[in-house]
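J.: sequence first, predicted coordinates after that:
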Amino acid sequence: MRRTRRSTGEIHRRAIAAAIAAITLILTAVPATALTPIRVVGGAGDQYWPSSNGTYLAWTDPGKSSVYVRELSSGTTKRVNPRGTGGEQGSFVGASNVLVYDQWRKGVQGDIYFYDVATGARTKAPAAVNRAATWEWAPMASDNYLLFMRHKWSSTGKLLDRRLLLFDRHTGTLRTLETGVSRYFRPAFVGLTYVMWVTWEGTGKIHYWSEADGERIQLTTLAGHNQYAPFLDEASGALYFVRSRSWCGREVTIRRGVLGSAASTVLASLPRGIDTGEVSSVAANSGTAQLDLYFQRWSCRAEVGDIYALQGVDTI
């Protein structure tokens with residue numbers, strides 16, 4: 001069994017299947033010169049759920065129930081959620097300086113907020129997203145879509161309903177993508193036309209919804225493997241993801257595939273006992289004009305992780 005994320009009590013076993021469109025893709029490794037992961041955020045605590053727009057990097061420290069953002073050029077770091085509140089990371093809205101995250105206070109269920117990391121301006125998501133009697137969390141957003149979780153609890157603390165919802169930011173409509181109290185699912189990627197999420201039912205799989213298909217589609221995985229932490233470069237069609245064996249820290253590789261192709265390139269291999277989180281983030285490096293991939297490097301034994309980067313993942 002994989003680790004338990006203490007902030008939510010959910011089991012994170014990580015997986016994703018690698019295939020897109022109506023075609024089933026089984027991603028086969030192609031030899032490559034591996035990149036060396038570089039630590040960008042570390043120290044005490046557990047650094048989790050990275051997102052970058054190329055200028056800033058944001059992440060969550062579950063132990064402190066707080067979201068942090070760092071300017072990559074200067075290293076200046078600040079807390080996103082105000083004192084007296086808890087917060088959990090979501091994602092940058094595309095390449096903008098706006099971050100979406102969830103925030104709560106003791107005794108008050110959580111809501112989703114947008115935060116401009118450059119100006120400090122904070123606004124709530126629309127009323128169709130934030131409801132009074134439910135807890136909205138784990139948001140990821142683009143200019144077009146907001147993908148998030150919604151929980152409903154009883155007065156005694158029993159979970160009554162769990163849903164994965166897709167909000168169209170232009171039309172204001174909501175679509176249910178997943179539901180189930182005993183099932184695990186969580187957002188993984190939101191683009192302009194594609195959204196992806198992870199489910200765990202025996203093995204982990206990726207599912208996606210796109211404007212073109214207009215329906216929920218399940219991707220496949222290799223037998224005996226998990227694939228997870230997807231990031232889709234919609235401009236090029238490149239799909240970045242992680243593949244591993246069933247147990248934490250076994251044969252973990254970070255890869256790049258191409259939509260419509262059965263091949264993948266190994267970008268990095270992690271040591272035994274080291275795994276990643278369920279989310280990765282790819283952003284353009286302003287200094288090199290190349291793409292850097294940010295991920296959580298997780299110790300299966302210590303059950304903590306730091307944020308690392310692979311630089312130039314589009315060059316191999």
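T.: Happy to help now that I have it.
J.: phi, psi for the residue nearest to the spatial centre of the chain please.
T.: Per C-alpha atoms, centre = their mean, the C-alpha nearest to the average position across the chain is that of residue 279, at 3.1 Å. Dihedral pair for residue 279: phi -130, psi 140, per degrees, to the nearest 10.
J.: what residue ranges in the protein score low on pLDDT?
T.: 1-33, 219-221, 260-262 (pLDDT under 70).
J.: wait, residue 183 touches residue 199, no?
T.: Yes - counting by C-beta atoms under 8 Å, residue 183 does reach residue 199; the two are 7.0 Å apart. (Each C-beta comes from the backbone N, C-alpha and C, glycine too.)
J.: the more surrounded of those two?
T.: The neighbour comparison of residue 183 against residue 199 (other C-beta atoms under 10 Å) goes to residue 199, with 21 against 12.
J.: helix, strand or coil for the residue lying closest to the more buried one once chain neighbours are set aside?
T.: Spatial nearest neighbour of residue 199, chain neighbours left out: residue 185 (4.5 Å); criterion: C-beta to C-beta, 6 or more residues apart in numbering. Three-state call for residue 185 (DSSP: H, G, I helix; E, B strand; the rest coil): strand.
J.: count the neighbours of residue 185 for me.
T.: A count of nearby residues for residue 185, using other C-beta under 10 Å, gives 22.
J.: how about the nearest residue to residue 63, chain neighbours excluded?
T.: Once flanking residues are discounted, residue 63 sits nearest to residue 45: 4.9 Å by C-beta to C-beta, 6+ apart.
J.: got phi/psi on the one you found?
T.: Backbone torsions of residue 45, given as degrees, to the nearest 10, read phi 90, psi -170.
J.: quick check: residue 224 touching residue 244?
T.: No - look at residue 224 against residue 244 with C-beta under 8 Å: they stay out of range, at 10.2 Å.
J.: of those two, which one has the most company?
T.: The neighbour comparison of residue 224 against residue 244 (other C-beta under 10 Å) goes to residue 244, with 24 against 9.
J.: for that one, give the beta-bridge partners.
T.: Beta-bridge partners recorded for residue 244 (DSSP bridges): residue 226.
J.: residue 266 contacts residue 253, doesn't it?
T.: Yes - contact criterion C-beta under 8 Å: residue 266 and residue 253 qualify, at 5.1 Å.
J.: show me the contacts for residue 272.
T.: By C-beta atoms under 8 Å, 6 or more residues apart in numbering, the residues touching residue 272 are 249-250.
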